[in-house]
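Asker: sequence and predicted structure below; questions after.
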Amino acid sequence: MEQTTHTKGPLEFQVLGTDGSQALIVEEDGTTVAYLSASQNSTAHASLEANVRLFAMANVLLDELTSLEKAIREAKLSDAADLLVHAKKARAAIGRALGPQKSEATPTQDELLRNSM
């Protein structure tokens with residue numbers, strides 16, 4: 001069975017129209033990856049921009065979480081600084097997926113060391 005692959009990033013999103021009821025997810029060269037539409041005044045319409053932002057960041061989130069999981073799996077206590085680097089990258093990807101909302105702070109190296117004991 002052939003493995004299906006996802007579109008490689010980075011991807012961007014564009015909300016279309018004056019009513020914000022349509023959006024595109026596009027590659028850097030402008031190629032459309034997905035088109036989304038929501039009926040006006042619906043729950044889907046109210047969260048369209050947040051949803052399309054999350055969809056566009058899915059490949060980055062997957063890459064960063066895969067790297068973080070590998071770093072944690074292979075970690076030794078002396079690797080706390082490396083774990084912090086991966087945690088910051090994961091937090092940055094999560095922050096971009098959430099948009100301008102305030103996201104949780106990245107743990108400090110001391111907090112990572114304290115929590116690993």
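Answerer: Done, it's in.
Asker: what are the ranges of the helices in this protein?
Answerer: Listed in chain order, the helices of the chain (DSSP state H) span 43-46, 48-73, 80-98, 109-116.
Asker: residue 23 is nearest to which of those?
Answerer: Taking Cβ to Cβ, helix 48-73 is the member of these nearest to residue 23, at 4.2 Å. (Glycine included, C-beta is placed from N, CA and C.)
Asker: so for stretch 92-101, what gets flagged as buried?
Answerer: The neighbour-count check on stretch 92-101 (16 or more other Cβ atoms under 10 Å) flags 93-97 as buried.
Asker: oh, I was asking about stretch 10-23
Answerer: In stretch 10-23, counting by 16+ other Cβ under 10 Å, buried: 11, 13, 21-23.
Asker: same check on stretch 36-48?
Answerer: Across stretch 36-48, burial judged by 16+ other Cβ under 10 Å covers 36, 38, 45, 48.
Asker: taking those together, which two end up most distant?
Answerer: 36 and 45 (10.5 Å).
Asker: show the low-confidence segments of this protein, by residue range.
Answerer: Where the chain drops to pLDDT under 70, the residues are 1-4, 76-79, 101-117.
Asker: hang on, the earlier thing: farthest-apart pair in the buried residues of stretch 10-23, please.
Answerer: Farthest-apart pair in the buried residues of stretch 10-23 is 11 and 21; separation 20.4 Å (Cβ to Cβ).
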